[in-house]
Each structure stands twice: as structure tokens, then as C-alpha cells.
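Participant: Give me coordinates for this.
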Amino acid sequence: MPEREPIVAFDRETTPVSHTFSPSSGGGVPEFREADSAGVPIGDNVITVSTRKTGAVYRPRVRVAMPIVVDETVNGIVSPKVVRTAYADVNFIFSESSTSQERKNLLGILSSVFSGDTQPVVDGVCVGLQDVY
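Facilitator: Here you go, the predicted model:
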């Protein structure tokens with residue numbers, strides 16, 4: 001069982017920025033937060049990582065939530081407000097008879113599929129919000 005430790009990920013800015021998600025108390029599901037620079041928890045980027053076993057399959061799940069927060073002024077009082085949130089929800093299904101190499105290969109392929117401009121179909125759909133023809 002992996003220990004909760006920080007998760008470091010890079011964005012796709014022109015000069016990629018490192019984002020550190022630190023373990024947080026998130027109820028029953030392990031949660032990792034990248035603290036909002038303004039110190040406002042509603043603006044934290046969050047990753048949750050969990051797995052469950054149903055019958056003869058394991059179901060790992062990784063979920064990322066990235067809220068966009070703006071300051072809203074009402075009657076002279078400034079409060080942060082979430083205006084939208086981007087989500088990714090990745091669900092895996094592995095047979096209990098699968099090998100660790102099979103699972104590694106699936107993660108490697110999935111990682112490559114999202115590797116940016118080298119994958120114009122996936123990038124066009126996810127970034128460009130276009131349909132495949």
C-alpha cells in the first residue's frame with residue numbers, strides 16, 4: 001500500500017510549471033491539494049486517488065479538479081467565488097489476474113496519449129474541444 005506523499009505534476013505552459021499536491025484530509029478518499037496562492041481553500045487544485053475491489057476486478061480511480069476563482073465584491077465586501085471547475089476522472093478496470101507489467105503498459109500508453117502536440121487527435125478533442133471526423 002503506497003504511503004501518502006506529495007504528488008508533483010507539470011502543466012503545459014510554454015515553460016512548464018511544477019505543481020506540488022500535498023496530502024490532505026479528505027474524508028475516506030485519499031486527497032492531495034495544491035494550495036491556492038491566495039490561501040483560499042476553495043481555490044485549491046485537488047487530486048484524489050483511490051481503488052476498490054468488486055468481484056474479480058480492481059477499480060483504481062484518479063480524479064483531478066482545478067477550480068477557477070475570482071474575487072466578487074458585494075456591498076464593498078470582497079469574497080472569492082468559484083466561477084468554473086475543470087475535472088478529469090480516470091477510471092481503470094483490472095482483472096485480479098492481470099500482471100503488474102500489463103498495468104504498467106496501460107499507464108504508459110495512457111500517459112503517451114496525453115503527451116501534447118504529438119497526439120493531435122486527443123489534443124484536438126481535449127484542448128481544442130473539437131470532434132473527430
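Participant: which stretches of the chain have low pLDDT?
Facilitator: Within the chain, the stretches with pLDDT under 70 are 26, 36-39.
Participant: in the sheet, who's paired with Arg33?
Facilitator: Beta bridges link Arg33 to Ser22, Val46, judged by DSSP bridges.
Participant: What about Thr118, how many residues nearby?
Facilitator: Thr118 has 9 neighbouring residues, counting by other CB atoms under 10 Å. In this view, the C-beta of every residue, glycine as well, is placed from N, C-alpha and C.
Participant: Check Ile47 too.
Facilitator: 21.
Participant: Now do the same contact list for it.
Facilitator: Residues near Ile47 by CB atoms under 8 Å, 6 or more residues apart in numbering: Ile7, Phe21, Glu31, Phe32, Arg33, Val62, Arg63, Val64.
Participant: again, only this time at 6 Å
Facilitator: Contact analysis of Ile47 by CB atoms under 6 Å, 6 or more residues apart in numbering lists Ile7, Phe21, Phe32, Val64.
Participant: which ones are touching the residue nearest to the third one when sequence neighbours are not counted?
Facilitator: Read it as Phe32. Distances taken as CB to CB, 6 or more residues apart in numbering place Phe21 nearest to Phe32, at 3.7 Å, with adjacent residues excluded. Contact analysis of Phe21 by CB under 6 Å, 6+ apart lists Ile7, Phe32, Glu34, Ile47.
Participant: Show me which residues of the helix or strand where Val49 lies are buried.
Facilitator: Using DSSP states H and E, Val49 maps to strand 45-54. Residues of strand 45-54 classed as buried by neighbour count (16 or more other CB atoms under 10 Å): Asn45, Val46, Ile47, Thr48, Val49.
Participant: Equivalent analysis for stretch 116-128, please.
Facilitator: Buried, per 16+ other CB under 10 Å, within stretch 116-128: Asp123.
Participant: Start and end of it, how far apart?
Facilitator: Using CA to CA, to the nearest Å, the end-to-end distance of stretch 116-128 comes out at 12 Å.
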